[in-house]
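> all I have is the shape, not the residue letters:
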């Protein structure tokens, strides 16, 4: 059976990034670099790999730099060419004309509201959602969204990325109430947003990747505020369970929570260690720093 292709992806990038102040006072958190590429670039590359054609960015005040980032850098490119410099570092930083849409979430009313702001652009098509501060690193050619699109082509309906975490961490996330499992696919019987400690139905969380049918927009239109006093996407998705097929896709790869300082530093360290031009130096530096810490602690 064939299903409507996933051609559009929504990137909610209106958040204030308060956990990274003062850096995010003037720089959107989505442009914070992991080694030498901003978080939003990794998310867009992941979407492209999965066959996404149109990128929809839901922004807010002070996020104009994201739009500038994906535009042509006339001066920088001209100077680099004049000096005979390599321009390969800029590959992928320009989205094809007409394939990038920027719109604003004027009030911080939650993730569900941010997605609803893109309703007219999404139209009547199934679409993907990527949260850029959730850095999902899969094998080459097998990014998180690519894995999910492959699963969607088998079962259709709605899909969420599923990731196992310690039960103690479940109050921080949306959690899956699981049904039967078949390989990487888990039937979703229910969704709970940030359950109280000890009440989560499983340790399968939603780490910021979704493929949803357009009917979710109608639900979000009248969605009441949920956890945190915000319009929660998880609540709207839960309303669709039983009406349409709904599965979790267990991600094969590594996830870095770059919405936290610790996760952001971990991502930088992990990627730097993999780089041919940086790995050896960073490995030696890390070992030396750990030795210095041990010596200081023993003194």
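Sure, I can see it. This structure is a prediction, so every number in the text was calculated from the model and none was measured. Numbers count the residues shown, from 1 in each chain.

> and the pLDDT for the residue of the chain most remote from its centre?
Going by CA atoms, centre = their mean, the residue of the chain most distant from its centre is residue 299, 43.5 Å out. What the model reports for residue 299 is a pLDDT of 72.

> all numbers from here: first residue = 25
OK, 25 is where the count begins now, so the last one is residue 323.

> and the gap between it and residue 316?
11 Å (CB to CB, to the nearest Å). Where you see a C-beta, it was placed from the backbone N, CA and C, and this is true even at glycine.

> count residues in the vicinity of residue 121, would you?
Counted with other CB atoms under 10 Å, residues neighbouring residue 121 total 6.

> ok but it is inside a helix, no?
No - counting by DSSP: H, G, I helix; E, B strand; the rest coil, residue 121 is not found in a helix; it is coil.

> now it: phi and psi?
Torsion angles at residue 121 (phi, psi; degrees, to the nearest 10) stand at phi -50, psi 130.

> same deal with the one 4 residues further on?
Main-chain torsions, residue 125, degrees, to the nearest 10: phi -120, psi 130.

> residue contacts, it?
Counting by CB atoms under 8 Å, 6 or more residues apart in numbering, residue 125 touches 78, 79, 80, 81, 142, 145.

> tell me the spacing between it and residue 78.
Plainly put, residue 125 is 7 Å away from residue 78 if you go by CB to CB.

> please enumerate the shared neighbours of those two.
Common neighbours of residue 125 and residue 78, using CB under 8 Å, 6+ apart, are residue 145.

> beta partners of residue 198?
residue 217 (DSSP bridges).

> hang on, it packs against residue 218?
Yes - Residue 198 is within contact range of residue 218, at 7.1 Å (criterion: CB atoms under 8 Å).

> those two: who's more crowded?
For residue 198 and residue 218, the more surrounded residue by other CB under 10 Å is residue 198, and the numbers stand at 24 against 16.

> wait, residue 183 touches residue 175, no?
Yes - the pair residue 183 and residue 175 qualifies as a contact (CB under 8 Å) at a distance of 6.0 Å.

> neighbour count for these two, which is higher?
Taking other CB under 10 Å, residue 183 and residue 175 do not tie; residue 183 has more neighbours (26 against 20).

> from residue 56, how far off is that one?
From residue 183 to residue 56 the distance is 28 Å (CB to CB).

> likewise residue 84?
Distance from residue 84 to residue 56, counting by CB to CB: 16 Å.

> repeat that for residue 215.
Applying CB to CB, the value for residue 215 to residue 56 is 29 Å.

> looking at the two, which one has more neighbours?
Just comparing residue 215 and residue 56: by other CB under 10 Å the higher neighbour count belongs to residue 215, 24 against 19.

> for that one, give me its contacts.
By CB under 8 Å, 6+ apart, the neighbours of residue 215 are 184, 198, 199, 200, 201, 230, 258, 259, 261, 262, 265.

> can you confirm it is in a helix?
No - counting by three-state DSSP, one finds residue 215 to be strand, located in no helix.

> quick check: closest non-adjacent residue to it.
Among residues not flanking residue 215 along the chain, residue 262 sits closest, at 4.3 Å (CB to CB, 6 or more residues apart in numbering).
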